[in-house]
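[1] One predicted model, sequence on top.
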Amino acid sequence: MAQRKQVEIFTDGACSGNPGPGGYGAILRYRGTTKELSGGAASTTNNRMELTAVITALSALKEPCDVILCSDSKYIIDAVEKGWAQKWRANGWMRNKKEPALNPDLWEQLLDLLNVHHVQFVWVKGHAGHPENERCDQLAVEQSMKFKAEI
């Protein structure tokens, strides 16, 4: 069996108002080659942009990979590593008996991608000088400003 490619991914999401215009940024790095991805939406939330950044980056991989994914989103990392997202899906996208899980459409996509790629999540403190996180934040904010200008 061929060894999987080792890829580093860095992601961030931003939102001006919550909800409001938002953006995301992602950096993919493989063997010294870097690719930046970004996008946004006119009306969204910070958590949707964080999820979209991760989904977009993982979806850009052309084959199953071993991924180290760095994010400042505790929402994503905790939901995956503590098994919450898998539990929400098993319970029909309910957090508990009364509360629906938020963003089930995006969680569905992410959980499916996590079945393709082996992803190790690494939390990084946001706005703390981490170069790739700062660049992802810059990409995300630039995208959110494009949508803010349209309002």
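    Arrived safely, thanks for sending.
[2] Report the contact partners of the residue nearest to Trp123 when sequence neighbours are not counted.
    Sequence neighbours aside, Ile77 is the residue nearest to Trp123 in space, at 5.2 Å (criterion: CB to CB, 6 or more residues apart in numbering). Glycine gets a C-beta too; all of them are placed from N, C-alpha and C. Taking CB atoms under 8 Å, 6 or more residues apart in numbering as the criterion, Ile77 is in contact with 71, 121, 123.
[3] now these: which count as buried?
    Neighbour-count burial (16 or more other CB atoms under 10 Å) applied to the contacts of Ile77 gives 71, 121.
[4] I'd like the contacts of Ile77 as JSON lines, with secondary structure, distance to Gln6 and pLDDT appended.
    Shown next, in JSON lines, are these (DSSP: H, G, I helix; E, B strand; the rest coil; distance: CB to CB, whole Å; pLDDT from 0 to 100):
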{"residue": "Ser71", "secondary structure": "strand", "distance to Gln6": "18", "pLDDT": "98"}
{"residue": "Phe121", "secondary structure": "strand", "distance to Gln6": "15", "pLDDT": "98"}
{"residue": "Trp123", "secondary structure": "strand", "distance to Gln6": "20", "pLDDT": "97"}
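[5] For Ala2, state which of the contacts of Ile77 is nearest.
    Phe121 (24.3 Å; CB to CB).
[6] gap between Thr44 and Trp88?
    According to CB to CB, to the nearest Å, Thr44 stands 20 Å off from Trp88.
[7] Can you check what pLDDT the model gives Arg31?
    On the pLDDT scale, Arg31 is placed at 96.
[8] Tell me, how many residues neighbour it?
    Residues lying near Arg31 (other CB atoms under 10 Å) number 7.
[9] which ones are touching it?
    Contacts of Arg31 (CB under 8 Å, 6+ apart): none.
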